[in-house]
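1. missing the sequence, but the structure's below:
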């Protein structure tokens, strides 16, 4: 039987790349997102055996819909990729937007991870897409950084407990990736040096290699991001925060 995968945030960017790569590797993919048009495009490109679910994971109804799907069908892999950010000075961003970020980046990840791990079997895997900013707080993206620190810490704890039953949990930490993330977060289209930027496909390639090895609880993608992660460990927290703040001033 073919393996199956559920990918949230599959309508574009990293989620889209995950869905395409998993389909190429023989998984039957179910994509999840709010944008039905993009999901139709995705499944059309992948072929007839793949499917999608339209759900807004910032809502309880959307989360419940995916929990129901997980309870009704076995998935060999869940990729919790859906996530959003709000860029700007914390107090100037509407509270409603902050709560949407918190709900999608944390509550939805907890809800779907809990449902998935309750029915997971030996050999299954859960990938929670976090961020390199989990390790390096970004002052103009303070809540986003905090939510991703939460996701990384949670994933590491789950990795420890789930490995005893043969279920692999990965916290995937991308850095700057060539997607529409900045546009969606309100940061606009900012040029970044190519050496610091990965394509979604490069990120997914790193994740798939780590998935096959099933060893690391946290996977930091890209040499530059690993250098920054090393700096975050050896510098004082004050030094790291000042460094990140100066990058966006």
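-> Nice, I can see it. Predicted model only: the values in this text are computed from it and were never measured. Residues are numbered from 1 along each chain as shown.
2. from here on, just use CA atoms for contacts and neighbour counts.
-> OK.
3. check which residues of the one helix or strand residue 68 maps to are buried.
-> Using DSSP states H and E, residue 68 sits within helix 60-72. Residues of helix 60-72 classed as buried: 62, 63, 64, 66, 67, 69, 70 (neighbour count, 16 or more other C-alpha atoms under 10 Å).
4. how many neighbours does residue 209 have?
-> By the criterion of other C-alpha atoms under 10 Å, residue 209 has 10 neighbours.
5. relative to residue 102, how far out is it?
-> Counting by C-alpha to C-alpha, to the nearest Å, the gap from residue 209 to residue 102 is 30 Å.
6. just residue 117 next, same as before
-> For residue 117 relative to residue 102 (C-alpha to C-alpha), the value is 22 Å.
7. more crowded one of those two?
-> residue 102 (21 against 18).
8. any weak-confidence spans in the protein?
-> 177-196, 223-232, 234-237, 239-240, 243-244, 246-249 (pLDDT under 70).
9. ok, which stretches of it are helices?
-> 13-24, 36-46, 60-72, 95-102, 108-119, 142-162, 181-185, 200-213, 223-234, 237-248 (DSSP state H).
10. would a markdown table of these with distance to residue 4 be doable?
-> Listed next are the helices of the chain as a markdown table, based on distance: least, C-alpha to C-alpha, whole Å:
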| stretch | distance to residue 4 |
| --- | --- |
| helix 13-24 | 9 |
| helix 36-46 | 14 |
| helix 60-72 | 11 |
| helix 95-102 | 28 |
| helix 108-119 | 13 |
| helix 142-162 | 19 |
| helix 181-185 | 27 |
| helix 200-213 | 15 |
| helix 223-234 | 30 |
| helix 237-248 | 39 |
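11. and those helices, which is most packed in?
-> helix 13-24 (a mean of 22; mean count of other C-alpha atoms under 10 Å).
12. helices or strands up against it?
-> Helices and strands touching helix 13-24, by 3 or more C-alpha pairs under 8 Å, 6 or more residues apart in numbering; DSSP states H and E, are strand 4-8, strand 28-33, helix 36-46, helix 200-213.
13. any idea how far that helix is from the chain center?
-> 12 Å (C-alpha atoms, centre = their mean, to the nearest Å).
14. and what of stretch 110-118?
-> The answer for stretch 110-118 is 15 Å, by C-alpha atoms, centre = their mean.
15. stretch 20-28 too?
-> 18 Å.
16. what's the span of that stretch from first residue to last?
-> 10 Å.
17. mind listing residues that contact that stretch?
-> Stretch 20-28 is contacted from outside by 2, 3, 4, 5, 29, 46, 49, 50, 204, using C-alpha atoms under 8 Å, 6 or more residues apart in numbering.
18. emit the PyMOL select command for whichever of the residues you listed are buried.
-> Isolation of the buried members of the contacts of stretch 20-28 (16+ other C-alpha under 10 Å) is achieved in PyMOL through the command below:
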select buried, resi 3+4+5+29+46+50+204
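19. can I get the contacts of stretch 20-28 in TSV with distance to residue 110?
-> What follows is the contacts of stretch 20-28, written out as TSV (distance: C-alpha to C-alpha, whole Å):
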residue	distance to residue 110
2	27
3	23
4	21
5	18
29	21
46	29
49	29
50	25
204	22
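20. which one of the helices and strands packed on helix 13-24 lies closest to residue 150?
-> strand 4-8 (18.2 Å; C-alpha to C-alpha).
21. about what we covered before: now the angle between strand 28-33 and the helix holding residue 68, please.
-> 170 degrees (axes from the mean of the first three to the mean of the last three C-alpha atoms, to 10 degrees).
22. one step back: need the buried residues of helix 60-72 in a markdown table with distance to residue 92, can you?
-> Listed next are the buried residues of helix 60-72 as a markdown table, based on distance: C-alpha to C-alpha, whole Å:
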| residue | distance to residue 92 |
| --- | --- |
| 62 | 28 |
| 63 | 28 |
| 64 | 32 |
| 66 | 33 |
| 67 | 34 |
| 69 | 38 |
| 70 | 38 |
